[in-house]
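Visitor: The sequence and its predicted three-dimensional model are supplied below.
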Amino acid sequence: MHHPADLLAAYLPGSFYYSSPRGSLLADGILTTVQAAHGHRAAAVAETLDSVATAGIERPLVVGAIGFRPDAQTSLVVPAVVRRAGKPDAAADATRSVFGLARWSVTPRPEPAAYAAQVRKALARIDAGGLDKVVLARCLELSADDKIAVPDLLARLVRADPAAHAFAVDVTAPGDPAIRTLLGASPELLVSRRGRQVVANPLAGSLPRAADDAENQRRIAALLGSDKDRREHAHVVHQVAEVLGQFCADVQVPAEPAVVGTPTMWHLSSRVVGEIADPHDPGSSALAMAEALHPTPAVCGVPTVTARDAIAELEPEDRGYYSGLVGWTNVDGDGEWVVTIRSAEVCEREVRMFAGAGIVAGSDPEAELAETSAKFRTLLRALGLEELT
């Protein structure tokens, strides 16, 4: 077993890095890739892993990312070398940020006022009926005057919040001359499986974190008491429990949500736990459950198809990998997949990041705009550019 800091230091663009409270993983090289259509990826992964194991590879796994839309690009590979370590240390990041010293140009897509107008359009649709919730995202495109050091950016994300699900995935499209990396620090566990135990931890309902302790306590109380946020959260938890019920004989849902914090946000959180009947069933792998859960109402809406259509119409930018899923699954079906939020795609001097907010009846367009600004801060802080929101 390696030390977590060693894996982080050994990361280079093109590798796959993933860390969470469960541990750290660094994968290099490609034995084979997995290509399959939406709804068939878990089966293709299981077949590929069985084939690789039969060929003599000990305990193989698939790592990678899947985009938001059913037809989105995917990056799923069986790596040649895998190193593991414990969870990242909670040591403070003593590395001085050099990113903020660069000159940057920033293009918001859409402009903040246009995003608020989109929220008002979504609220009109909700009032008209047929749509209960939709998650609308906005994008920031940043360009620096020098090449961005992806390993340094990943290290700052991990050290800023060691409890997050941090990741870096090579998502370079075929034929692209430069490496494109999807990286982030997601607070939201989509699903994990270890033997029979299944855990999902949906988050929905959010407020920005304050600098003052007393104000944070007020915001936590406000979040717990918010009818709008609790309704938004209930949409997500209900769907997650319903989907896991297709795989698990017993699903336990907390009676009340808790509040969990990141360095920039407070979220309503529910830890949903289940137990599968047959851990050897390839149809119950971690990826199979992740595919069934995706997209949850936390990143799409209710009903799913109607919300996804509204997103395609109202959002000017294709989300790509944002609000998709990233993680790993091994030959036994165990694994861990998280929702691809608090993330960005980085290529050479360019950074493209998204942040979204859940729109339900009673949402305030300016408050939702402020929520997206707060969510951008995870990446902007790591770049030394928090003031840009």
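Guide: Yes, it's here. Numbers count the residues shown, from 1 in each chain.

Visitor: give me the low-pLDDT residue ranges for the protein?
Guide: 1, 90-101, 387-389 (pLDDT under 70).

Visitor: what's the longest strand in it?
Guide: If you go by DSSP state E, the chain has its longest strand at strand 133-144.

Visitor: Pull out the buried residues from that one.
Guide: Residues 133-140, 142-144 are the ones in strand 133-144 that count as buried (16 or more other C-beta atoms under 10 Å). Just so you know, the C-beta spots here come from the backbone N, C-alpha and C atoms, and that holds for glycine as well.

Visitor: roughly how far is that strand from the heart of the chain?
Guide: Averaged C-alpha coordinates place strand 133-144 at 14 Å from its chain's average position (C-alpha atoms, centre = their mean, to the nearest Å).

Visitor: Beyond that strand, next helix or strand please.
Guide: Using DSSP states H and E, the helix or strand that directly follows strand 133-144 along the chain is helix 150-160.

Visitor: Which elements pack onto that next one?
Guide: When contacts are defined as 3 or more C-beta pairs under 8 Å, 6 or more residues apart in numbering; DSSP states H and E, helix 150-160 packs onto helix 4-10, strand 165-170, strand 181-186, helix 365-382.

Visitor: Format these as JSON lines; extra columns: distance to residue 329 and mean neighbour count.
Guide: As requested, the helices and strands packed on helix 150-160 are exported to JSON lines (distance: least, C-beta to C-beta, whole Å; neighbours: other C-beta atoms under 10 Å):
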{"stretch": "helix 4-10", "distance to residue 329": "19", "mean neighbour count": "17"}
{"stretch": "strand 165-170", "distance to residue 329": "14", "mean neighbour count": "26"}
{"stretch": "strand 181-186", "distance to residue 329": "17", "mean neighbour count": "26"}
{"stretch": "helix 365-382", "distance to residue 329": "26", "mean neighbour count": "21"}
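
Visitor: Could I get these in a markdown table, plus columns for distance to residue 53?
Guide: What follows is the helices and strands packed on helix 150-160, written out as a markdown table (distance: least, C-beta to C-beta, whole Å):
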| stretch | distance to residue 53 |
| --- | --- |
| helix 4-10 | 24 |
| strand 165-170 | 23 |
| strand 181-186 | 27 |
| helix 365-382 | 37 |
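
Visitor: Out of those, the one nearest residue 234 is which?
Guide: helix 365-382 (18.3 Å; C-beta to C-beta).

Visitor: Bridged to residue 166, which residues?
Guide: Beta-bridge partners recorded for residue 166 (DSSP bridges): residue 19, residue 185.

Visitor: got a list of what it touches?
Guide: 17-20, 88, 154, 157-158, 183-186 (C-beta atoms under 8 Å, 6 or more residues apart in numbering).

Visitor: residue ranges for the strands of the stretch 251-389 of the chain, please.
Guide: Counting by DSSP state E, counting those that start in this stretch, one finds strands in the stretch 251-389 of the chain at the ranges 258-261, 265-269, 272-276, 301-302, 325-330, 335-339, 343-347, 350-359.

Visitor: returning to that earlier point: so what are the sheet partners of the longest strand of the chain and their directions?
Guide: Partners of strand 133-144, by DSSP bridges, with direction: strand 104-109 (antiparallel), strand 301-302 (antiparallel), strand 350-359 (antiparallel).

Visitor: Output these as a markdown table; include the columns distance to residue 77 and mean neighbour count.
Guide: Formatted as a markdown table, these follow (distance: least, C-beta to C-beta, whole Å; neighbours: other C-beta under 10 Å):
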| stretch | distance to residue 77 | mean neighbour count |
| --- | --- | --- |
| strand 104-109 | 30 | 14 |
| strand 301-302 | 31 | 25 |
| strand 350-359 | 22 | 24 |
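
Visitor: Can you classify residue 243 as helix, strand or coil?
Guide: helix (DSSP: H, G, I helix; E, B strand; the rest coil).

Visitor: likewise residue 221?
Guide: Once three-state DSSP is applied, residue 221 turns out helix.

Visitor: distance of it from residue 229?
Guide: 12 Å (C-beta to C-beta, to the nearest Å).

Visitor: you'd agree residue 306 is up against residue 133?
Guide: No - using C-beta atoms under 8 Å, residue 306 makes no contact with residue 133, being 9.9 Å away.
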